[in-house]
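S.K.: Any chance you could fold what I've pasted below:
(2 chains)
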Amino acid sequence: MSARAQVAVVGVGHSRVFRRDEVALGILAIEAVRNAVEDAGLEIADIDGLSTTPYQPMAGGGDIDGLSIVSPEFMMQALKMDVAWSERQLRPVGASLINTINAVASGQCKYAVCFRALHNPSGRRYGHTNSLGASGPGQFSEPYGVFVPAIWGRYGLEHFHRYGSSREELGAFVVRNRAQALKWEYGYWAQYSPTLLTLEDYLTARIISEPLGLFDCDIPVQAAGAFVVTTAERAQHLKNPPAYVLATSSPFTVSRGGPNSSNLSLDEYMVDGKQLARHLWDIAGIGPGDVDVANLYDGFSTEAPLWAEALGFCGEGEGFAFVAEPSLPLNTSGGSLGAGRTHGIAHIMDSVMQIQKRSGSRQVQEVEVALAVTNPCDIGAGFVFCSSRG
Amino acid sequence: MSDAKMGSHKPIPESDELSEPFWEAVNQRKLVIQRCQRCRFYYHPPVGVCLECHSSQLAFEPVSGNGRVKGYSITRDGARHPAFEALQPYAVALVELEEQEGLYMLSNIPNVSVERIRVGLPVSVDFEEIVPGHLIPQFCARSVGSAEPQPHEEAG
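M.R.: Numbers count the residues shown, from 1 in each chain, chains lettered A, B, ... in the order given. This next block holds a predicted model:
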């Protein structure tokens, strides 16, 4: 028995994309919001709900509103918005969009926008620090030189050890993903370096944290995306076909070890992903076999196969083989590896566009159900979008 | 290495209300782990209340310092701090302590080359002085270079 959708995504918008902060982040966020509202056939004056996650994933990127972060307050003032509801979300973009959906579903607002702006400062390597002290959860990880790629490398090597999966499987995914990414017009690679990647390019690139090489890591960018959400009833009267939200889930377990996954083993990480998946399918009333297109988060390449396993697209231990030769259209947006480090904007945005039959050269035929998951399993958000209310 | 990097060191752990006994013991070359005094469950990092039985009676107890590598990665070009850029390649391993399933600590397994690190490798705790007076636990491969003195090794 399928759910009946209360809410739909009716507009999407993306800013220009820059490698670094050539253009102020606030300007890009405004672009994304305006584009999304226009895409929905609405005016800024129609928007009465607003959510964003202003926080940036890297250390020491600054906190100047409009330059290095963009708050909901900045957006309300810059666009003279008159909102009934707004939210400054602590968790990643998926949670922000879910709360936007819930605010509309509960009648707190009629037409709400969720936006996300990602910053990449000039003149320094992303996330570089020369901190001489480590406090909070970092006191147990920073003295050991735990930087984010090492976490995703560790899950990968643990999977290799246990199930015999390989870099070649990951490579097949990354190479195909790049080809797909060249059709994602909002992506870094499509805009700045529209070249295909070969398996040899992949295998010979410098290693960052084993088994992750350069092309297993999404490239940090400065960009913003936005989504317009309204009720299923109001969506009937707008210009785009609605992408109905059949189900969402964001348990945000972070089982232990603080703000990132540095203190989890593969086992606990998969428990977190399976918990999200179980609730998502239960709420949706459908299962992985009903999905026509899937956009699995791939900020680091090893995240996608682990999501595939958690969501039941393949069996335990089969995720790497699955993403190498998927049984359904996978990461049609080119994902984060193709778009740049936009934390799932591409995954959500193309899933919505696939449902709306607006994906152009990326369009999969006969899409009724699209799945998107953002961020890693322990801080992830899942979405099932549908072309009918269910 | 540039001059700017010469003076840098690994981040020194800053203890807090919960972790102070842990770091005090580490600075005396002892490994203690927080344990619930009612249900005997171990916690690392330490917690405010036992998440198993909800007791507030938590205390730090000595542990064997033995464990196994549960998972690891080798950072070759992913370090984002001068002290670690200079160390590349280095391992970051998740060590599971023998006292309890799922009781993990991070470590670099500094006594063996990164090529020798494997899932399941037996390790024992040692300590690294990152600046004078400030130590961190460092698990070392047990099979070679154990904490025990090896007086005959140099005799030949």
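S.K.: which helix is the longest one in chain A?
M.R.: Secondary structure of chain A read by DSSP state H shows that its longest helix is helix A:266-284.
S.K.: So for that helix, what gets flagged as buried?
M.R.: A:266, A:268-277, A:279-281, A:284 (16 or more other Cβ atoms under 10 Å in any protein chain shown). The way it works is simple: take the backbone N, C-alpha and C, and place the C-beta from them, glycine included.
S.K.: which of these are close to chain B?
M.R.: A:L266, A:E268 (Cβ under 8 Å from any Cβ of the partner chain).
S.K.: about what we covered before: which residues touch the longest helix of chain A?
M.R.: Helix A:266-284 is contacted by residues A:2-3, A:155, A:158-159, A:162, A:246-251, A:253-256, A:261, A:264, A:287-288, A:306-307, A:309-312, A:316, A:373, A:376-378, A:380-382, A:384, B:71, B:102 when judged by Cβ atoms under 8 Å, 6 or more residues apart in numbering or on different chains.
S.K.: Which SSE is immediately downstream of whichever helix in chain B runs longest?
M.R.: Ranked by residue count under DSSP H, the longest helix found in chain B is helix B:20-26. Using DSSP states H and E, the helix or strand that follows helix B:20-26 in sequence is strand B:32-36.
S.K.: Restricting to C-alpha, output stretch A:368-380 in PDB.
M.R.: Extracted C-alpha coordinates of stretch A:368-380, given in PDB (Å, rounded to 0.1, in the frame of the first residue of the first chain):
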ATOM      1  CA  GLU A 368       7.600   7.300 -12.300                       C
ATOM      2  CA  VAL A 369       9.700   6.900  -9.100                       C
ATOM      3  CA  ALA A 370      13.100   8.600  -8.400                       C
ATOM      4  CA  LEU A 371      15.200   8.100  -5.400                       C
ATOM      5  CA  ALA A 372      17.800  10.500  -4.000                       C
ATOM      6  CA  VAL A 373      20.000  10.100  -0.900                       C
ATOM      7  CA  THR A 374      22.300  12.900   0.300                       C
ATOM      8  CA  ASN A 375      25.400  12.800   2.500                       C
ATOM      9  CA  PRO A 376      26.800   9.700   4.200                       C
ATOM     10  CA  CYS A 377      24.600   7.100   5.800                       C
ATOM     11  CA  ASP A 378      25.000   8.300   9.400                       C
ATOM     12  CA  ILE A 379      24.000  11.900   8.500                       C
ATOM     13  CA  GLY A 380      22.000  11.100   5.400                       C
END
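S.K.: near chain B, anything from that stretch?
M.R.: No: contact of stretch A:368-380 with chain B (Cβ under 8 Å from any Cβ) is absent, the minimum separation being 14.2 Å.
S.K.: Identify each buried residue in that stretch, please.
M.R.: Buried, per 16+ other Cβ under 10 Å, within stretch A:368-380: A:V369, A:A370, A:L371, A:A372, A:V373, A:T374, A:N375, A:P376, A:C377, A:D378, A:I379, A:G380.
S.K.: Turn the residues you listed into CSV, columns for secondary structure, distance to A:A205 and pLDDT.
M.R.: Supplementary listing: the buried residues of stretch A:368-380 in CSV, determined by DSSP: H, G, I helix; E, B strand; the rest coil; distance: Cβ to Cβ, whole Å; pLDDT from 0 to 100:
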residue, secondary structure, distance to A:A205, pLDDT
A:V369, strand, 35, 98
A:A370, strand, 31, 98
A:L371, strand, 29, 98
A:A372, strand, 27, 98
A:V373, strand, 26, 98
A:T374, strand, 25, 97
A:N375, coil, 24, 94
A:P376, coil, 22, 93
A:C377, helix, 26, 92
A:D378, helix, 27, 89
A:I379, helix, 27, 90
A:G380, coil, 27, 94
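S.K.: Check those and tell me the two furthest apart.
M.R.: Distances among the buried residues of stretch A:368-380 were taken as Cβ to Cβ; the most separated pair is A:V369 and A:D378, at 25.1 Å.
S.K.: Give the buried subset of the contacts of helix A:266-284 as a PyMOL selection command.
M.R.: Selecting only the buried entries of those in PyMOL, with 16+ other Cβ under 10 Å as the criterion:
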select buried, (chain A and resi 2+3+155+158+159+246+247+248+249+250+251+253+254+256+261+264+288+306+307+309+310+311+312+373+376+377+378+380+381+382+384) or (chain B and resi 71)
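S.K.: quick one: which of the contacts of helix A:266-284 sit in helices?
M.R.: A:Y155, A:E158, A:H159, A:R162, A:L306, A:W307, A:E309, A:A310.
S.K.: Closest to A:G145 out of these?
M.R.: A:Y155 (17.5 Å).
S.K.: How about the contacts made by the closest one?
M.R.: Counted by Cβ under 8 Å, 6+ apart, A:Y155 has contacts A:S261, A:L266, A:Y269, A:T302, A:L306, B:G71.
S.K.: Just give the closest residue to the fourth one, not the sequence neighbours.
M.R.: Put plainly, it is A:T302. In this structure, A:T302 finds its nearest non-sequential neighbour in A:G156, 4.1 Å apart by Cβ to Cβ, 6 or more residues apart in numbering or on different chains.
S.K.: So, low pLDDT: which residues of chain B?
M.R.: B:1-7, B:144-156 (pLDDT under 70).
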